[in-house]
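Chemist: pasting the sequence and the predicted model now:
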Amino acid sequence: MVHAGDGGAPAIDVAGVHKRYGSRSALGGVDLRVERGEIVGFIGPNGSGKSSLMRIIAGLARATEGSVHVLGECVDGSSSPPGIGLVLEQQGHLPYLSAARNLRMLGSLTRHGDQRSVEAVLRRVGLDPADRRPVGRWSFGMRQRLLVAQALLDEPRVLLLDEPTNGLDPAGVAELRALLGELASRGVAVLLASHALTEVERLCRRAYFVRDGLVADIVDTAAGADDRLLVRASTSADLAALRSWAADQRLAAAAGADPLVLEFAVPDRVPELIRALAATGIDLEEIAPRRRSLENRFLELVGGRS
């Protein structure tokens, strides 16, 4: 979904962004790119700079160095660019007003504050437009849904979500997942910061791992670059034969946790390798794909630190 005036540029283009608060560095030169219709994860331990970057992209804070472009427009921190929907953990509502009145007040600043738009977006996130209770009496999960409704009110083309699943029950998480998939299919770009790594893995095409204000790794969640094929031999003699065969085929094979297991790194050749193993005549008990989850990668990245 390309709009006039943005020249088909990436939805989000962050280049060399630094952010310092006095002598403390929150971001140390971040590069990040999100295309239209793409859901990208932004993962890191608490204090790694995720919220700072979200605020900079949204125009709520100014980068100390570097450049940010959203939908082809430069974001310099002097104003929030149009076309952005934002959910931040620090956001709130007027607790003494209903959800509909909160949204109408917010929408009065734009053309989307009419009753029909407000009711439609509340239903979209699973809230009842007829609920007149002050939102201060709502559960945390319901208020989280209202934050998402606020972000969607102006029909954004870029959605920045900081921990949007906080407080949601499993049904709410599933509904949010379906909603984000629908938005992406319509060309909305989504940058998702979350500690719910299973959801990030299910939703995102790519994930940026951030530590101490730096991008430490970029994972293509669809490519299987870290796939392994676990092969368990029946006996020690079969294992020795398997090692010899792997050496002849010039295949890298590492010992597994089980003494009769070898693990092959074959991200793009799993079917081919299985056929070749079946033709060796070696007695094998198990051939199974293994893949490191995002949680495994995250724990390796932070070294167990919270």
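Modeler: Nice, thanks for sending it over.
Chemist: what residues are up against the residue nearest to Ala189 when sequence neighbours are not counted?
Modeler: Spatially, and ignoring its direct neighbours in sequence, Ala189 is nearest to Ala11 (3.2 Å; C-beta to C-beta, 6 or more residues apart in numbering). Backbone N, C-alpha and C define where each C-beta goes, glycine included. Listed by C-beta atoms under 8 Å, 6 or more residues apart in numbering, the contact set of Ala11 reads 34-36, 38, 70-71, 157-158, 189.
Chemist: which one of those residues is nearest to Ser139?
Modeler: Ranked by distance to Ser139 (C-beta to C-beta), the contacts of Ala11 are led by Val158 at 28.6 Å.
Chemist: one step back: give me the subset of the contacts of Ala11 lying in strands.
Modeler: Cross-referencing the contacts of Ala11 against strands under DSSP state E gives 34, 70, 158, 189.
Chemist: now the spatially most central residue of the chain: closest residue in space that isn't a chain neighbour?
Modeler: Geometric centre of the chain, nearest residue: Gly41, 2.0 Å, by C-alpha atoms, centre = their mean. In space, and not counting its chain neighbours, Gly41 is closest to Ala207: 3.5 Å by C-beta to C-beta, 6+ apart.
Chemist: contacting residues around Leu160?
Modeler: By C-beta under 8 Å, 6+ apart, the contact set of Leu160 is 54, 57-58, 84-88, 151, 191.
Chemist: so which of the residues you listed wins on neighbours?
Modeler: Ile57 (27 neighbours; other C-beta atoms under 10 Å).
Chemist: just list whatever residues bridge to the closest residue in space to Ile274 that isn't next to it in sequence.
Modeler: Using C-beta to C-beta, 6+ apart and skipping the chain neighbours, the partner closest in space to Ile274 is Ile287 (5.9 Å). For Ile287, the beta-bridge partners are Val231 (DSSP bridges).
Chemist: for Ile287, what are its contacts?
Modeler: Ile287 touches 229-232, 274, 277, counting by C-beta under 8 Å, 6+ apart.
Chemist: next up, the contacts around the closest residue in space to Phe140 that isn't next to it in sequence.
Modeler: Closest residue to Phe140 apart from its sequence neighbours, by C-beta to C-beta, 6+ apart: Gly167 at 3.9 Å. Residues counted as contacts of Gly167 (C-beta under 8 Å, 6+ apart) are 139-141, 143-144.
Chemist: top of these by neighbour count?
Modeler: Highest count within those by other C-beta under 10 Å belongs to Gln144, 23 neighbours.
Chemist: which helices and strands sit right next to the helix or strand harbouring that one?
Modeler: Counting by DSSP states H and E, the element that carries Gln144 is helix 140-152. In terms of contacts (3 or more C-beta pairs under 8 Å, 6 or more residues apart in numbering; DSSP states H and E), helix 140-152 is packed against strand 84-87, helix 99-107, helix 115-124, strand 158-162, helix 170-185.
Chemist: any idea which of the ones in strands among the contacts of Ala11 is the one closest to Ala254?
Modeler: Closest to Ala254, out of all of these and judged by C-beta to C-beta, is Val34, at 34.7 Å.
Chemist: for the nearest residue to that closest one once chain neighbours are set aside, phi and psi?
Modeler: Leaving aside its sequence neighbours, Val34 sits nearest to Ile12 (C-beta to C-beta, 6+ apart; 4.0 Å). Main-chain dihedrals, Ile12, degrees, to the nearest 10: phi -130, psi 130.
Chemist: can you give me the strands in the protein?
Modeler: Secondary structure of the chain by DSSP E: the strands cover 12-21, 24-34, 39-43, 65-70, 73-74, 84-87, 158-162, 189-193, 206-211, 214-220, 227-233, 253-255, 261-265, 284-291.
Chemist: any chance of those in JSON lines with distance to Ala241 and mean pLDDT as columns?
Modeler: As requested, the strands of the chain are exported to JSON lines (distance: least, C-beta to C-beta, whole Å; pLDDT from 0 to 100):
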{"stretch": "strand 12-21", "distance to Ala241": "52", "mean pLDDT": "93"}
{"stretch": "strand 24-34", "distance to Ala241": "47", "mean pLDDT": "92"}
{"stretch": "strand 39-43", "distance to Ala241": "42", "mean pLDDT": "92"}
{"stretch": "strand 65-70", "distance to Ala241": "55", "mean pLDDT": "94"}
{"stretch": "strand 73-74", "distance to Ala241": "62", "mean pLDDT": "92"}
{"stretch": "strand 84-87", "distance to Ala241": "56", "mean pLDDT": "91"}
{"stretch": "strand 158-162", "distance to Ala241": "52", "mean pLDDT": "94"}
{"stretch": "strand 189-193", "distance to Ala241": "47", "mean pLDDT": "94"}
{"stretch": "strand 206-211", "distance to Ala241": "39", "mean pLDDT": "88"}
{"stretch": "strand 214-220", "distance to Ala241": "35", "mean pLDDT": "82"}
{"stretch": "strand 227-233", "distance to Ala241": "8", "mean pLDDT": "83"}
{"stretch": "strand 253-255", "distance to Ala241": "12", "mean pLDDT": "84"}
{"stretch": "strand 261-265", "distance to Ala241": "11", "mean pLDDT": "85"}
{"stretch": "strand 284-291", "distance to Ala241": "10", "mean pLDDT": "83"}
